[in-house]
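S.K.: Requesting a structural model of the entry that follows:
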Amino acid sequence: MTRAPLPRAPRPPPRQQRLQEVRAPPPQVRCRDTAVHNTFMWGDMKGVYAVLKDPAMVNALMETVHEEMLWAPEMGMWTLSSKVKQTSALRLAASRGHTGCVEELLFRGAEVNADPGGNTALHDACMGGHAACVQLLLSHGADPDLLAADGSAPLHLCTSAQSLQCAELLIDGGAEVSVRMRESRLTPLHVAARRGLEEHVELFLSHGADVSATNQEGETPLNAACSGAERPSEAGRYLRVIQKLLDAGADPRTAGRKQHTPLHNACANCSPRIVDVLLQHGAKADVANCAGYTPMDCLLQVVEDYLGQQPEAVARSLLNHGAQPVSPKMLKQCVLSPATLEVMLNSYTSIPPCEWMDSLPTEIYEEHRPFFDLARQQSGQPRSLQHLCRCALRLRLGGRCFAAVSELDIPSSVRDYLLLCKDGTLQ
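M.R.: Purely as a prediction, here's the structure:
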């Protein structure tokens, strides 16, 4: 007998493709060589070419070590500790504005959006105001809205007059003009207004920046500008910024979470012209913040610090726009400015007791003896009928006093008298 043949064995399946071997990326090179760092910081192209013979150096981590004294609570003592800060060749070159070096690194494959140490090269270029580097980075794909470790976008870092072109390039490159910082919620307009950057403010407004945007504290760019006007030499620049914000629709009555208005800040900086423009645009002279301080209170707290900035003009503007006369016990805060004291005393129907005069510095008393003697003499005495009529008219007009009196067809001397313009006397 013969056995039937076995069935043919099935065909083996097609040969499976071998899985590609997965290799871990090579570890990133770390460089602590100060000479290499300086090569990129100073834009030494000869040295750059030498360093970049090693392709791994294009994206190497540049590390610097700083020795710092840190408090160790568990030991109860200060200890010397090493702190490592990281950056990159691209960041070093961009921060110093070395365009040729930046271009060479990008050509060799530098990661344009890498952020060792928390910032990208674009952030550093904007901080330095290096427009050519900004343009190079953007043309190689830098993200104009990427937030740094501290939450700031490149537009937030255009904080100098030299950075205007950087801001223009960022906006042309698609940057969001009202981008927010991560925690503080500041916009670029807040930052520019706080620093009094007139052209930056104009640029942002022309591209639709939100003039009513509020930060984490509920403050607008107008409040930021009014708080930044601290130096008399910069008052004109800040005044122009504030005028642009007001023309764009900023509301001078908007207060932050602490109910602090732009007028509070302007009075705390003793800025007469800024106070005037805010009042003319509807700021309220008698509103109190959460601590109970009015703009007049903010002024009186700084009179001694701003004797050369016409604090009497600020006080007069506030009183002419509805501010109430201060408590007599507050008068001692302006004894170093007799002109301010005169405005204050002329806002009362009668001069209150002058106990504050006992603490006058001798040199101030001697310099203004006639005025102080007159104030002491008239303390508690009836004022003239002319003065009482002035007080009655001002009380009747209230917050409309300045506008109404300015429109009256009366001699300028009478107008000045009604508006408490100082003449060195108590009439």
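S.K.: check contacts around the residue lying closest to residue 162 once chain neighbours are set aside.
M.R.: Among residues not flanking residue 162 along the chain, residue 129 sits closest, at 3.5 Å (Cβ to Cβ, 6 or more residues apart in numbering). The C-beta positions use only the backbone N, C-alpha and C, and glycine is treated the same way. Taking Cβ atoms under 8 Å, 6 or more residues apart in numbering as the criterion, residue 129 is in contact with 158, 160, 162-163, 165-166.
S.K.: What's the separation between the residue nearest in space to the middle of the chain and residue 327?
M.R.: By Cα atoms, centre = their mean, the chain has its centre lying nearest to residue 194, at 2.8 Å. According to Cβ to Cβ, to the nearest Å, residue 194 stands 33 Å off from residue 327.
S.K.: residue ranges for the helices of the stretch 101-250 of the chain, please.
M.R.: For the stretch 101-250 of the chain, applying DSSP state H, counting those that start in this stretch gives helices covering 121-128, 131-139, 164-172, 188-194, 198-206, 221-228, 235-247.
S.K.: what's the closest of those to residue 150?
M.R.: Nearest of these to residue 150, taken as Cβ to Cβ: helix 121-128 at 9.5 Å.
S.K.: Give me the angle between that closest one and helix 131-139.
M.R.: Per axes from the mean of the first three to the mean of the last three Cα atoms, to 10 degrees, the angle that helix 121-128 makes with helix 131-139 is 160 degrees.
S.K.: quick one: contacts of helix 121-128?
M.R.: 88, 90-91, 93-97, 102, 112, 114-115, 133-134, 137-138, 142-144, 146, 148, 152, 154-155, 157-159, 163, 166-167, 170.
S.K.: Could you do stretch 281-293 as well?
M.R.: Against stretch 281-293 from outside (Cβ under 8 Å, 6+ apart): 246, 251-253, 255, 257-264, 279, 294-296, 301, 317-319, 321-324, 399.
S.K.: next one: stretch 407-425
M.R.: The contact list for stretch 407-425 (Cβ under 8 Å, 6+ apart) reads 312, 316, 319-320, 339, 342-343, 346-347, 371, 374, 390, 393-394, 401-402, 405-406, 427.
S.K.: Which of these are buried, as a PyMOL select command?
M.R.: Buried members of these can be picked out in PyMOL with the line below, counting by 16 or more other Cβ atoms under 10 Å:
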select buried, resi 312+316+319+320+339+342+343+346+347+371+374+390+394+401+402+405
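S.K.: Tell me which of the contacts of stretch 407-425 fall in helices.
M.R.: Secondary structure from DSSP state H places 312, 316, 319-320, 339, 342-343, 371, 374, 390, 393-394, 401-402, 405-406 of the contacts of stretch 407-425 in helices.
S.K.: In those residues, find the pair that's most separated.
M.R.: 374 and 406 (28.9 Å).
S.K.: Strands of this protein, start to end?
M.R.: Counting by DSSP state E, the chain has strands at residues 30-31, 61-72, 77-88.
S.K.: Identify whichever of these lies nearest to residue 352.
M.R.: Nearest of those (Cβ to Cβ): strand 61-72, 52.1 Å.
S.K.: Now residue 159: closest residue in space, sequence neighbours ignored.
M.R.: residue 195 (5.7 Å).
S.K.: My guess is the one you found contacts residue 157. True?
M.R.: No: between residue 195 and residue 157 there is no contact under Cβ atoms under 8 Å: 11.5 Å.
S.K.: Those two - which one has more neighbours?
M.R.: residue 157 (25 against 21; other Cβ atoms under 10 Å).
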